[in-house]
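Asks: Here is a sequence together with a model predicted from it:
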Amino acid sequence: LIYLVLYFVAFFGTGNIASISSFEISSTYRFVRIFDPFLMAALLLFKLMIPFVLVCCCYILINRATNQPESGSFFTVINMYDIIAISFFFLVRDSGSWKDIGVSIGHYIVACAFIVIQLGLFCTALIFLNKTAPKLSISNNTKLHTN
């Protein structure tokens, strides 16, 4: 549950992700002096993905420190996102204004996209952590040691 809260903080803390064009592109001028829209968009997407990868890395490190299986916790997170997606599916409207219909469908699509994005984020975090951090375990005398 804490993972979901941190994930939503990362989602809403970076700005309006639903509209990439709403981001200020002047932050990319520090890295790229000439106008290259594809490179600038890649830099903006990289900037957006940093908080998500950090949350996944922390979640995996907590699982390793408490000897929880990484695959089991991953499936728990996916099941929670499935429940969220199902609840948004039942809130999809087919009557009313076009704006209400579009917003309800947009919420459902974003909830479904979270499920797919989680797979990529967990794989990215595992790649980072397998190269940098050893597996941790806690023994009976509460000292932290590596395997």
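Replies: Nice, thanks for sending it over.

Asks: and Asn67, which of the three is it?
Replies: Following DSSP: H, G, I helix; E, B strand; the rest coil, the label given to Asn67 is coil.

Asks: Same check on Asp94?
Replies: Classified using three-state DSSP, Asp94 is coil.

Asks: Could you find the closest non-adjacent residue to it?
Replies: Ile101 (6.7 Å; Cβ to Cβ, 6 or more residues apart in numbering). For glycine as for every other residue, the C-beta is placed from the backbone atoms N, C-alpha and C.

Asks: What segments of this structure are strands?
Replies: With DSSP state E as the criterion, the chain has strands at 136-138, 144-146.

Asks: how close does Leu43 get to Ser71?
Replies: Counting by Cβ to Cβ, to the nearest Å, the separation of Leu43 from Ser71 is 33 Å.

Asks: More neighbours: those two, which one.
Replies: Leu43 (17 against 10; other Cβ atoms under 10 Å).

Asks: correct me, but the more buried one touches Ser26?
Replies: No. Leu43 is not in contact with Ser26 according to Cβ atoms under 8 Å; the separation is 11.7 Å.

Asks: Could you pull up the residues touching the closest residue to Leu121 other than its chain neighbours?
Replies: Excluding the flanking residues, the one nearest Leu121 by Cβ to Cβ, 6+ apart is Cys56, at 4.6 Å. Counting by Cβ atoms under 8 Å, 6 or more residues apart in numbering, Cys56 touches 121-122, 124-125.
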